[in-house]
Structures are given as structure tokens and as C-alpha cells.
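>>> would you be able to build a 3D model of this:
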Amino acid sequence: MHVGMSVIFQNPGEALPDREVYRRDLGLALQAEPLGFQSVWSVEHHFTDYTMCPDVFQFLTYMAARTERVQLGSMVCVLPWHDPVRVAEQISMLDNLSDGRVILGMGRGTGRVEFDGFGVEMGTARLRFKESAEILLTALENGWVEYDGELIHQQRRDIRPRPLGTFRGRTYAAAISPDSARIMAEMGVGILVIPQKPWKAVRQELQDYRDVFREANGTEPPPPYVAGWTFVDESADRAETLARQYIGGYWDSVVQHYEFNEPHLKDTPGYEHHGQMYDRLTTPGGYEAMVDFFVGLQLWGTPDQVTEKIINLQDEMYMDGYMAVFSYAGMPIEEAERSMHLFARSVMPELQALPAVHDRLGLPA
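Model (predicted):
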């Protein structure tokens, strides 16, 4: 199994200077390669303390210069906020600089504060994402771009430096709704799973995705990647106490940033599925139940417990990559570092020793 780690530069309540948050999370990221992680990731967000990484490719370029082997993943680049030709240039340049170490992760975004900040109408996001992704994937495969869509019109231009190699098999998208998963399958893109809804529902959506992928592409889809908020401790009781404190705190930041306690997503085209969160949160006891639910989805416990949970995820999701987030919700850096080192020492070797998912579970390749 591929094992990576992600930093998100979160500063809830501006408890620290932003520069200190960067110093701490960069310190974790720079330990990834020596500890044996196979990839380093971050995620694009803007304008709030939820995640202070407005340019994920700039961060990954820094990491490319500070490392030699780890792959460099975007989790995710939100395409509707960008000119897709500029994104193609950024990715091609980073791939050349890093000798082909880029894993491209992309998404369409959900934060109203971000769409409003960029002057992009959320109701157009699904179509804008689809057209941008088509432009981007074609540009990275062919080395040139030309497009005439409903929203985006682009004259033919070359991408320079030319893409170093194909991105087939190393492009993933975060898909929350079933409709988004279908779009990803038709494009031949892998799925990046961010735990936030029942695994039973995720299993069914992944099966639908695989069926569409096979029909559209004539091949088996790549195994999904799963990202998870992770806390490891030798004590099961301590792991649970701190997981509930900090993973629960992270969930609070999710609700605040995405305004899930407001009804606007219910009436926003393309976001009706997300709007269901409002109903869950605003029922009596709903918020507390959602905290418990979200914490229960994440990966925490003793090394043996976390190893078992991730292997069980592979059994259920047929995934073959796990990216751990160790620092979030104002967690003391000492706790994040201790958890990360324990994971690297006692969990990661077990996961990396597993056969490829297709071999282990007897799946078609």
C-alpha cells in the first residue's frame, strides 16, 4: 500500500501567528521522506484559518526542492477558481522540476466564502469543473490546449515546458456526490476519498464509479486513495480522548468554513447533495451526533488499532493508498510529531508490506 502524509496549515482562532503554523507544519512535511512516507500532500483553500494553503503547487515546488524521492500530491487543486491553462502550466513545470513526482488531485470546491471571494458563481461550478478538467487532462496528455465549451473558450496554445510524461494513473479527484463520481469515471480519473459519509454509501458509490469507468474506458479503474485525520498513541484511552478533542475540533472548523449550518447549499445547483448536511446538523442533537459520526470515521487508536482500521478500509474500498493528516485543530506540535513518528515506526511498515490490492484481494487488474 502507498502511504503518504498531508499538512493543512490550520490556525483555528488565529491562536498562533500564521508564520508559526507554517514553521510547524513545514517541519512535519520535511520529516516525511526521512521517515519513509512515499508522498507529501496539501490542499488548496483561501481566505480563512481553515486551511492556509492558497497555492498548493507553490508549496509542492518548495517540497520538490527540499526532497529527492517523495511524490508530491495536490489534495486538491480547486479547478473552478482557476484558469485551467495556467494550472496545466503549473503542473507541467512542477513535474519537470521534480523529475516526474507529481500526483494530481483536483476538485470543484464547496466553500461559499471562496467562490464569492473569486467572483465565481457556485451554481456553475459543476460545469466549470468538468470543462476545466477536460482542458487540463488534454493539455497534460498532448502538450497543447484547445477548447470550445459552454463556459470556456480557448485558442490553441502549446504547454511549455512540455509535460514530462502521462498523467494517466496519477490523476485523482475528490468526489463527494454520486454525480461527481460519474464525471470522474467518464474522464478516466481516479477517486480520492475524504472520509465524511457512511462507508456503506461510499462503497456503493465506488461500485457505481467502477462500472461507469469500465464502460467508458474499457479498463479497470485505479484503486482509490483515502485521506484520513490520524492520531496514534500507545494508550488506547489517551488516543480516544485526544482524537475526540482534536478531530472533533477539526469537524467544528469544517462546519464553520463550509457553512454547513446554513441552508444555502440546498438551493445551489450541483450542491443539493451537500445541502443535506444542513438538515442533519439542525435537527435536535444533530450537531453532537455529527461530531461523533465524523470522529468515528477517522483513523485513531493504538498502532495495532490504526493498522487494522486501514486494512479494513482496503477490504471495503479496494483502495491502495492512504494519506495521513497528523496536525489539525490547534493540536500541540509535540502531539502531532509524536503521533506521526509512532505511525511511521509501527503502522506504516505493516501497510507498505501488504501486496498490491489487486493481488491481495484477488481483483481484476
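>>> and stretch 65-84, average pLDDT?
Stretch 65-84 carries an average pLDDT of 97.
>>> got the phi and psi for residue 100?
Backbone torsions of residue 100, given as degrees, to the nearest 10, read phi 80, psi 30.
>>> which residue, other than its chain neighbours, is closest to it?
Once flanking residues are discounted, residue 100 sits nearest to residue 164: 5.0 Å by C-beta to C-beta, 6 or more residues apart in numbering. Just so you know, the C-beta spots here come from the backbone N, C-alpha and C atoms, and that holds for glycine as well.
>>> where does pLDDT dip in the protein?
Applying pLDDT under 70 to the chain flags the ranges 176-177, 365.
>>> scan it for its longest helix.
Secondary structure of the chain per DSSP state H: the longest helix is helix 236-258.
>>> outside of that one, which residues touch it?
Identification of contacts with helix 236-258 by C-beta atoms under 8 Å, 6 or more residues apart in numbering yields 10, 12, 45, 48-51, 110-113, 196, 229, 231-233, 260-261, 274, 281, 287, 290-291, 294-295, 298, 300-302, 305, 328-331, 335.
>>> and these, which of them are in strands?
Among these, the residues falling in strands (DSSP state E) are 229, 231, 232, 300, 301.
>>> among the residues you listed, which ones are buried?
229, 231, 232, 300, 301 (16 or more other C-beta atoms under 10 Å).
>>> follow-up on the earlier one: next, count neighbours for the residue nearest to residue 100.
19 (other C-beta atoms under 10 Å).
>>> then the one 10 residues further on?
Taking other C-beta under 10 Å as the neighbour definition, residue 174 ends up with a count of 22.
>>> what do you get for residue 2?
18.
>>> next one: the nearest residue to it once chain neighbours are set aside from residue 233, what distance?
Nearest in space to residue 2, with sequence neighbours left out and distances taken as C-beta to C-beta, 6+ apart, is residue 321 at 3.9 Å. With distances taken as C-beta to C-beta, to the nearest Å, residue 321 is found 24 Å from residue 233.
>>> neighbour-wise, which of those two wins?
Taking neighbours as other C-beta under 10 Å, residue 321 and residue 233 compare with residue 321 leading, 25 against 22.
>>> list the contacts of that one.
1, 2, 3, 4, 223, 224, 225, 226.
>>> want to try CSV for the residues you listed, with secondary structure as columns?
Listed next are the contacts of residue 321 as CSV, based on DSSP: H, G, I helix; E, B strand; the rest coil:
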residue, secondary structure
1, coil
2, strand
3, strand
4, strand
223, coil
224, coil
225, strand
226, strand
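>>> now those in TSV, with distance to residue 149?
Output for the contacts of residue 321, formatted as TSV (distance: C-beta to C-beta, whole Å):
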residue	distance to residue 149
1	38
2	34
3	38
4	33
223	31
224	28
225	28
226	32
